[in-house]
Every structure is written in C-alpha cells, then in structure tokens.
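Visitor: Take a look and give me a structure for this.
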Amino acid sequence: MKLIDVKALSAKKVENRQGLFQKDIVGALEGAKQFTFHLSIMEKGGHGQLHTHPHSEHLLVVRQGELMVRNSKESHRVPVDSAILIYPGEEHEIINSYDGTSEYWVIYSPPR
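Guide: Modelled structure (predicted):
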C-alpha cells in the first residue's frame, strides 16, 4: 500500500492547454501498471484542444464546477458529481463552462 496526500501534491501547468493544472496522484512512477489517475484544476475560461488518447479509456469525474466536453459531432454538459467516459481514439476537447475554477478527477486505463 501507498498513502498519498493529495493536498500536499503540487499542481503543474499542463502545456498546450489554457488555464489547466494537474496533480499527478497515481501513475507509473508510483508503481501503477493498470491506470493513471490525476486531479485536474481548470481556471475560469480554461480550455483544452481537440485531441485523442489512441489506446486509453479516459474517465472524467467533476468534483467542483462544470465542464463542457465536445468534439465535431456532439457536446455534453458535465456538472458536478457527474462523469463522462471517452473511448480510445475518440476526439474530445474539455472546456471549463463554470463561472469559476472547475476540478475533476481523471483516470486513464491503460496508463498513458
């Protein structure tokens, strides 16, 4: 077992994303072989860019605020205490649609 103090982890700026920071909680460095898990913190007005994860399922669980997750075919509002599953290879973009900071858990399996 490994106890992790999430509050003590530093949030790192995510390159190529506007207003997005990430706390890496579990991944290969911690010995996880089946998944990656982190906390994303997106500032008001923050957004990503259209991208894919070719080999990983990608689950987002909103714990504060609200996200808009979209691609060229569909768009989904993801409020607090809701989740969205993005399939391997599925194009997506994440936008903070909340009037403040949004926070969400992110799980990738297999790890990226």
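Visitor: Please make it C-alpha for all contacts and neighbour counts, starting now.
Guide: OK.
Visitor: what residues does the helix or strand harbouring residue 43 touch?
Guide: For residue 43, the host element (DSSP states H and E) is strand 36-47. Contacts to strand 36-47, defined as Cα atoms under 8 Å, 6 or more residues apart in numbering, come from residues 17-28, 93-112.
Visitor: Which is the succeeding secondary structure element to it?
Guide: Next element after strand 36-47 (DSSP H and E): strand 57-64.
Visitor: Just checking: what are the partner strands of that following strand?
Guide: Strand 57-64 sits in its sheet next to strand 83-86 (antiparallel), strand 102-109 (antiparallel), going by DSSP bridges.
Visitor: For residue 78, which non-adjacent residue is spatially closest?
Guide: Leaving aside its chain neighbours, residue 78 sits nearest to residue 67 (5.1 Å; criterion: Cα to Cα, 6 or more residues apart in numbering).
Visitor: repeat for residue 13
Guide: In this structure, residue 13 finds its nearest non-sequential neighbour in residue 21, 4.4 Å apart by Cα to Cα, 6+ apart.
Visitor: same deal with residue 61?
Guide: Residue 61 sits nearest to residue 83 (Cα to Cα, 6+ apart), 4.2 Å away.
Visitor: quick one: that neighbour and residue 101, what's the gap?
Guide: Applying Cα to Cα, to the nearest Å, the value for residue 83 to residue 101 is 17 Å.
Visitor: Any stretches of the chain with poor pLDDT?
Guide: 28-29 (pLDDT under 70).
Visitor: give the contact list for the spatially most central residue of it.
Guide: Residue closest to the average C-alpha location in the chain (Cα atoms, centre = their mean): residue 106, at 4.0 Å. Going by Cα under 8 Å, 6+ apart, residue 106 touches 36-40, 58-61.
Visitor: next one: residue 24
Guide: By Cα under 8 Å, 6+ apart, the neighbours of residue 24 are 9, 11, 37-39.
Visitor: 7 Å instead, please
Guide: Contacts for residue 24 (Cα atoms under 7 Å, 6 or more residues apart in numbering) come out as 37-39.
Visitor: which of the residues you listed tops the neighbour count?
Guide: residue 39 (22 neighbours; other Cα atoms under 10 Å).
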